[in-house]
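> Whatever this is, show me its structure:
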Amino acid sequence: MEQNIFQLQYAMDTFYFLVCGALVMWMAAGFSMLEAGLVRAKNTTEILTKNVALYAISCIAYLTIGYDIMYGGGVFLSGIETVDPSKVLADFSAREDGFTGSAIYSAASDFFFQVVFVATAMSIVSGAVAERMKLWAFLAFTVVLTAFIYPMEGSWTWGGNAVFGLYTLADLGFSDFAGSGIVHMAGAAAALAGVLLLGARKGKYTKDGKINAIPGANLPLATLGTFILWMGWFGFNGGSVLKLGDIANAHSVAMVFLNTNAAAAAGAVSALIFAKVLFKKADLTMTLNGALAGLVAITAEPSTPTAIQATLFGAIAGVIVVLSILALDKLRIDDPVGAISVHGVVGLFGLLIVPITNTSSTFVGQIIGAATIFAWVFVTSFIVWFALKKIIGIRVSAEDEYSGVDQADCGMEAYPEFT
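From the prediction side, this is the model:
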């Protein structure tokens, strides 16, 4: 009887992991639609090409190199392609606590869930450097980030390894449940390094300090992308519970879903109201980014807050993201989709609020963890971007930027009938 229960739990937890991974993979479609909607029509095909290619490259790079760095046993080295049911049963039967409360799932499902997180981090970079970066320079950077930069910081956090052998973040009280810092802030740090070297789009800022808004071509697509991301986030946060096969964890999953949705809703509403106060108009793009900000903020700890706390955290995040987008514009940091603000600034906020509801974490640990992640990803990314700039160049020519990178990089347009 115990073996039958074990096998049922193994099947349920593996299936739950895979379904959540598929939801996170669906977020690739969300990023594609969001970015395609927020760039100008002449750059749509290229941004879609980047999103499809970065997902595929991320999967291959993490499969062959990244997973081994992050968890000390790559797919090709650990033998996870096969499983001996009798050995799995024997291993768990030998445990003093049996298998009650343990996360029990196929190692292959763990890899699948991890690899879609890697692709999410790289998707954040795509929107921030949109409309003026060379396609092949971006794809070259994708290989390095997903095979090395992200897995290294992941090994210090979720992998449990000491940072260069000096200190262990977990021992300092660092906690990041589903990746506000490990995934989102890391992606934003890589994006910021690229943006600083790349420079702003032509016409975005004038010499006299004026900021020119460059509206996206398709706000219905951007809205669709936001809702896809919102939906995919239930897999992102919910899957990070790691299991479903008992009462306590099933309740935890339900609370994670509830809090994730509450934070997103509050972020959207607070950003909408705050934008109305500032601009006297209901700004759709700020509202969309407000929803995403609420999602990023709650990702660091979606299981311990009450629903009211999650709503409050999301509402604060919605205000923060509006202020951050305006501040980066003042600093002449051109981010067409607001990715650095949504995932970076709010990602940091999400880390800092974890100790409010999770007593196993500390503010000092959260600060050190955030600083470690940001410093590693920003510095290494800056080096890689700088090398690419010197070797092949990272910015398209002024002529290609004016005519649009669709024709320059892809030889086709997304909306040819309107040309």
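> Secondary structure element for the nearest residue to Ser175 once chain neighbours are set aside, which one?
Residue nearest to Ser175 in three dimensions, not counting chain neighbours: Ser361, with 3.9 Å by CB to CB, 6 or more residues apart in numbering. Where C-beta positions appear, they are placed from N, C-alpha and C, glycine not excepted. Assigned by DSSP states H and E, Ser361 belongs to neither a helix nor a strand.
> Could you check the pLDDT of Ser361?
According to the per-residue confidence, Ser361 scores 97 in pLDDT.
> Give me the phi and psi for it.
With angles defined as degrees, to the nearest 10, Ser361 sits at phi -100, psi 160.
> right, and it touches Val354 too?
Yes: counting by CB atoms under 8 Å, Ser361 does reach Val354; the two are 4.9 Å apart.
> what is in contact with those two at once?
Residues touching both Ser361 and Val354 (CB atoms under 8 Å, 6 or more residues apart in numbering): Ser175, Glu301.
> which residues touch the residue nearest to Ser175?
With CB under 8 Å, 6+ apart, Ser361 has these contacts: Gly173, Phe174, Ser175, Glu301, Val354, Pro355.
> What is the neighbour count of the fourth one?
Using other CB atoms under 10 Å, Glu301 has 28 neighbouring residues.
> So it, which state does it fall into?
What DSSP: H, G, I helix; E, B strand; the rest coil gives for Glu301 is coil.
> I figured it was touching Thr359, is that so?
No: taking CB under 8 Å as the definition, Glu301 is not a contact partner of Thr359, at 11.1 Å.
> Restricted to helices, list the contacts of Ser361.
Judged by DSSP state H, helices contain the following of the contacts of Ser361: Val354, Pro355.
> Greatest separation within the contacts of Ser361: which pair is it?
Greatest spatial distance among the contacts of Ser361 (CB to CB): Gly173 and Glu301, at 12.7 Å.
> which other helices and strands contact the one helix or strand Gly314 maps to?
Assigned by DSSP H and E, Gly314 belongs to helix 307-330. When contacts are defined as 3 or more CB pairs under 8 Å, 6 or more residues apart in numbering; DSSP states H and E, helix 307-330 packs onto helix 247-279, helix 284-299, helix 346-352.
> State the pLDDT value of Ala140.
At Ala140, the model reports a pLDDT of 98.
> now swap in the one 5 residues further on and tell me
Model confidence at Leu145, expressed as pLDDT, equals 98.
> just Pro85 next, same as before
Model confidence at Pro85, given as pLDDT, is 68.
> now the residue nearest to Ser175: how far from Ile182?
14 Å (CB to CB, to the nearest Å).
> Taking their axis directions, the helix or strand harbouring Ala189 and helix 307-330 sit at what angle?
Ala189 is part of helix 186-198 when elements are defined by DSSP H and E. In terms of direction (axes from the mean of the first three to the mean of the last three CA atoms, to 10 degrees), helix 186-198 departs from helix 307-330 by 10 degrees.
> contacting residues for Met12?
Counting by CB under 8 Å, 6+ apart, Met12 touches Leu244, Gly245.
> On the three-state scheme, it is what?
On the three-state scheme (three-state DSSP), Met12 is labelled helix.
> what separates it from Tyr105, distance-wise?
Counting by CB to CB, the gap from Met12 to Tyr105 is 9 Å.
> residue ranges with poor pLDDT in the stretch 51-200 of the chain?
73-103 (pLDDT under 70).
> which residues in it form helices?
Assigned by DSSP state H, counting those that start in this stretch, the stretch 51-200 of the chain shows helices spanning 67-71, 75-78, 85-93, 107-128, 135-144, 150-157, 186-198.
> what's the closest of those to Lys281?
Checking these against Lys281 by CB to CB gives helix 107-128 as the closest, at 23.0 Å.
> Summarise which helices and strands the closest one is packed against.
Secondary elements touching helix 107-128 (3+ CB pairs under 8 Å, 6+ apart): helix 2-38, helix 44-61, helix 67-71, helix 135-144, helix 150-157, helix 186-198, helix 339.
> Give me the contacts around the fifth one.
Contacting residues not belonging to helix 150-157 are listed as 62, 65-72, 118, 121-122, 161-163, 168-169, 174, 176, 181-182, 186, 369, 372-373, 376-377, 380 [CB under 8 Å, 6+ apart].
> are any of those buried, and which?
Buried members of these, scored by 16 or more other CB atoms under 10 Å, are 62, 65-71, 118, 121-122, 161, 163, 169, 174, 176, 181-182, 186, 369, 372-373, 376-377, 380.
> separation between Asp335 and Ala293?
Relative to Ala293, Asp335 is positioned 14 Å away (CB to CB).
> got any residues that touch both of the two?
Counting by CB under 8 Å, 6+ apart, the residues touching both Asp335 and Ala293 are Ser341.
> which of those two has more neighbours?
Taking other CB under 10 Å, Asp335 and Ala293 do not tie; Ala293 has more neighbours (38 against 23).
> Report the contact partners of that one.
Taking CB under 8 Å, 6+ apart, we find Ala293 in contact with Gly267, Ala271, Gly314, Ala317, Gly318, Ile320, Val321, Ser341, Val342, Val346.
> Only whichever of those are buried, select them in PyMOL.
Command for PyMOL that selects the buried part of these, burial taken from 16+ other CB under 10 Å:
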select buried, resi 267+271+314+317+318+320+321+341+342+346
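> quick one, what contacts the closest residue to Val52 other than its chain neighbours?
In space, and not counting its chain neighbours, Val52 is closest to Ser32: 7.4 Å by CB to CB, 6+ apart. Residues in contact with Ser32 (CB under 8 Å, 6+ apart) are Ile47, Leu48, Asn51, Val52, Gly225.
> any chance of those in a markdown table, with neighbour count and distance to Tyr402 too?
Shown next, in a markdown table, are the contacts of Ser32 (neighbours: other CB atoms under 10 Å; distance: CB to CB, whole Å):
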| residue | neighbour count | distance to Tyr402 |
| --- | --- | --- |
| Ile47 | 28 | 17 |
| Leu48 | 18 | 20 |
| Asn51 | 24 | 23 |
| Val52 | 12 | 25 |
| Gly225 | 25 | 26 |
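> which among the residues you listed gets closest to Val19?
In terms of CB to CB, no member of these lies closer to Val19 than Gly225, at 21.3 Å.
> Just to check, that closest one is in contact with Ala36?
Yes: using CB under 8 Å, Gly225 is in contact with Ala36, at 7.4 Å.
> For Gly154, see how far away the nearest residue to Gln114 once chain neighbours are set aside is.
Distance criterion CB to CB, 6+ apart; nearest residue to Gln114, sequence neighbours excluded, is Tyr67 at 6.6 Å. Distance from Tyr67 to Gly154, counting by CB to CB: 9 Å.
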